[in-house]
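1. Next input, structure requested:
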Amino acid sequence: MTRKFTIILFLTISNLSHSIILNAQSSFSDDFEAYAANAFLCVSNSKWKTWDNKPGTATDVKVSDEKAKSGTKSLKFVAGSATGGPTDIVLPFGARYATGRFILSVDMLVPKDKNAYFNLQGTTTVGQTWSLNGFFEASGALRLTGSNNAGLFSAVYPVDQWFNFKLDINLSANSWKVLIDDQCQGTFSNNTNAVASLNFYPVDGSSAWFVDNVSYQYSSTAPSVANDVAVSNLSWKSGRLTDTEDVVSFNLKNGGSQAINSVDLLVKNNGQEEMISLSNLGLSWGQSKVITTTKTFKLEEGQNQITVEVLKLNGTSGDQEECNNKSQLFLSAVTPAPDKAILVEEGTGTWCQWCPRGAVFMDLLSKRYPKRFIPIAVHNNDPMMVQAYDALVRSTPGFAGFPSSVIDRSIIVDPSQMENPFIDRIDTETVAKIKPGAKYKAANNSLDISAEIEFKKSVTGEFWVNMVLTEDGVRGTTSGYNQSNAYANNAAGAMGGYESLPNPVPAAQMVYEHVARAISGIQKTAANTLNGTFAEGTKRVVNFNIPLPQGVNKDSLHIIPILLSSNGYENASIATLKEAEDNGFSLNVENIIYTESVQVYPNPASDVAYIHLELKIPTQIQISIRDISGRLMFERNYGRLEGDQMFPVNTYTLQSGIYFAEITTDEGSLTKKIVVNR
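-> You can find the predicted model right below:
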């Protein structure tokens, strides 16, 4: 049955001070037993709402009699599509609470290989501020993140069985205690220290779980103690690939009335330890300090449990709140497959008020996982839009709005959720590795680009290549480059500095990164398709010529070849224009006759440069040297050769600058850049 308690106010008037002490209490509980099976929840009880205020529709949830923690009824949340939803249930708390004590309790069952999600809203109007996100992952990991999806807390929960999840929040002290089956898991502090409602939402196609016995209690008075130190908010900033090393940071906070002068702590991970003794802290109630280890810790493959534990407070073990003496961070590390990269195409636009979130997380993850996380910002309806590319991204099944990130041309997530699918996919073996090469043609301001595909295993099928150019550091002067910004004035929590910028952000203050500038090969053609049986080690080349759009800075370009097949996305790679030029441009040939060791040295050169080739089969060799404008400076035919060969190129007659050596064989050619520095 349902029990609802209205707010009770206790007023005490002191004759001495004439002050008024206000103590407010509120509580609610629901075990769903009073409702009929298959009835809509929000129709059965108007206390429950849907996100869009449409009870009895697709966003409502039906009461289930399939499973229950107590009685026979519960709520069953199941995603209706690969991108989540449509069920979207809200439990308002009746007010926004930012002081006092708030306790939320939920019984949950998350079936094997499924996941669950909830969030707490920080304002009474939903959609303004997410104060907390809770992710119950299929692995058994629980992740709690803040308004900007930054990690706050992690633990483990029992998979495929009922458990109780509880938050005991001292809002006055900003201490959020996490309990599972009444066992304390630790505490954290929250940048958005307020609660106003609870939201259940299936975030993706793997979301499915049961909820029973939902309750909350609020009191305007919060408990207090004399001696209390809390460790919370463990931070690991360097990603989750095996053998990654970094220091660990965490927050140390005084939750008691007595000052904290010294603390002894122990930090551990997989047998690695560091003892930390702190003195002369002088922390009074509510004050905190960020502590960073001096030792670096290394992630091992699989589950890593980093823990920080208080051993002594002010020289003794007399801490009165032991639950917050230990904090832990669970990190599942994976070993990436050789040559594997994950493609991320983010739908964005300067008109989109939430799109700064995409910019922040695209930058974060591309720096955290260089060459592995391949970012492309595909703009919509603004001056940076490439119409065909925008249409391609929006046509992805399940694409519903901006910002959205399309991972590997298959799954769609919010930009703040990109890291987990990256980690899930980066250890999967790829069918081929890709090496981009390029040659700039100044005469018509275009790029000749080659994508060398080397198959890593024997396969039969049809493959094709898309070629994308992106540009960093893009600026504009017109109003179309103004960025709409929902994070202005800290209205939606911290977001990489956007919370300190106005709405909109003027074009003069905006720099756009990873901007898609051109795409070629969207459709399969004879020119970009490879069809047949390919043995392990077989190399093939696909060529493109892409005119550079007006105003593009070629020195800020990235070249991104994307390999596709009938199975979908296979792999991609990324290189700056300089890196691609150094790789050399290759013509489309059936067999690459060079080994990997095509070298030019010294480079830069002054009087002479040497071209070193290892030729797998006999072939005619011709070498020509051209300047950056394409003018022929030198050409010579060396006849038919094979094996290890060295060719001197006299550079003493050339002016300082950039030149290209084109090496032509019976079956194709390769271009290498030579820098002459006289």
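
2. A259 contacts G286, correct?
-> No - between A259 and G286 there is no contact under CB atoms under 8 Å: 11.4 Å. (C-beta placed from N, C-alpha, C; glycine too.)

3. can you point me to the longest helix in this structure?
-> Counting by DSSP state H, the longest helix found in the chain is helix 356-368.

4. Now that helix: buried residues?
-> Going by neighbour count (16 or more other CB atoms under 10 Å), the buried part of helix 356-368 is 356-362, 364-366, 368.

5. I'd like to know which elements that helix is packed against.
-> If contacts are counted by 3 or more CB pairs under 8 Å, 6 or more residues apart in numbering; DSSP states H and E, helix 356-368 sits against strand 342-348, strand 373-379.

6. Could you point out which of those sits nearest G271?
-> Among the helices and strands packed on helix 356-368, the nearest to G271 by CB to CB is strand 373-379 (29.6 Å).

7. Contacts for that closest one, please.
-> Residues outside strand 373-379 that contact it (CB atoms under 8 Å, 6 or more residues apart in numbering): 341-350, 358-359, 362-363, 365-366, 384-386, 389-390, 392-393, 418, 422, 468, 470, 512-516, 560, 572-574.

8. Look up how far F136 lies from Y157.
-> Relative to F136, Y157 is positioned 6 Å away (CB to CB, to the nearest Å).

9. where do the contact lists of these two overlap?
-> In contact with both Y157 and F136: 108, 110, 142, using CB under 8 Å, 6+ apart.

10. Looking at neighbours, which among these is most surrounded?
-> Counting neighbours by other CB atoms under 10 Å, M108 leads those with 27 neighbours.

11. quick one: that one is in a strand?
-> Yes - judged by DSSP: H, G, I helix; E, B strand; the rest coil, M108 forms part of a strand.

12. so what secondary structure elements neighbour the helix or strand hosting E635?
-> Per DSSP states H and E: E635 is located in strand 632-650. Contacts defined by 3+ CB pairs under 8 Å, 6+ apart place strand 632-650 against strand 608-627.

13. for the closest residue to S206 other than its chain neighbours, which residues make a bridge with it?
-> Ranked by CB to CB, 6 or more residues apart in numbering and with sequence neighbours excluded, the top spatial neighbour of S206 is N115, at 5.3 Å. In this entry, N115 is beta-bridged to S207, by DSSP bridges.

14. Relative to V106, how far out is N115?
-> 15 Å.

15. So in terms of bridging, what pairs with I625?
-> Counting by DSSP bridges, I625 is bridged to F634, A661.

16. Tell me how far it lies from K672.
-> 10 Å.

17. Touching both of these two, which residues are there?
-> Joint contacts of I625 and K672 (CB under 8 Å, 6+ apart) are 660-661.

18. burial measure for T72, as a count.
-> Using other CB under 10 Å, T72 is surrounded by 12 other residues.

19. And it, its phi and psi?
-> phi -130, psi 0 (degrees, to the nearest 10).

20. okay, now the closest residue to it other than its chain neighbours: neighbour count?
-> Spatial nearest neighbour of T72, chain neighbours left out: D65 (5.3 Å); criterion: CB to CB, 6+ apart. Each residue near D65 was counted by other CB under 10 Å, and the total is 14.

21. Would you mind splitting this protein into its domains for me?
-> Using automatic domain parsing, the domains assigned to the chain come out as 2-219, 229-333, 336-429+475-510, 430-473+517-592, 599-676.

22. In CSV: those domains, plus mean pLDDT.
-> Shown next, in CSV, are those (pLDDT from 0 to 100):
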stretch, mean pLDDT
domain 2-219, 89
domain 229-333, 93
domain 336-429+475-510, 95
domain 430-473+517-592, 92
domain 599-676, 86
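
23. L530 contacts I453, correct?
-> Yes - shown here, L530 and I453 form a contact pair, counting by CB under 8 Å, at 6.6 Å.

24. Which of those two has more residues huddled nearby?
-> I453 (24 against 20).

25. Toward the C-terminus, what is the element adjacent to the helix or strand that one falls within?
-> Using DSSP H and E, I453 maps to strand 446-455. Proceeding C-terminally, strand 446-455 gives way to strand 459-471 as the next helix or strand, assigned by DSSP H and E.

26. Contacts for the helix or strand following that next one next, please.
-> Counting by DSSP H and E, the element after strand 459-471 in chain order, helix or strand, is strand 515-520. The list of residues contacting strand 515-520 from outside it, by CB under 8 Å, 6+ apart, reads 345, 376-379, 384, 386, 388-389, 392, 466-472, 474, 528, 544, 546-549, 552, 557.

27. Now the buried members of the residues you listed.
-> Buried among those by 16+ other CB under 10 Å: 345, 376-379, 384, 386, 389, 392, 466-472, 474, 528, 544, 546, 548, 552, 557.

28. circling back to that earlier point, for the helices and strands packed on helix 356-368, which one sits closest to N270?
-> Shortest distance between N270 and those, using CB to CB, is found for strand 373-379: 25.0 Å.

29. Restrict that closest one to CA atoms and write it as CSV.
-> Written as CSV, here are the backbone C-alpha positions of strand 373-379 (Å, rounded to 0.1, in the frame of the first residue of the first chain):
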residue,chain,number,x,y,z
PHE,A,373,39.4,8.0,-29.7
ILE,A,374,38.7,9.7,-33.0
PRO,A,375,36.5,12.8,-32.6
ILE,A,376,34.5,14.4,-35.4
ALA,A,377,32.2,17.3,-34.6
VAL,A,378,29.5,17.2,-37.3
HIS,A,379,27.7,20.6,-37.2
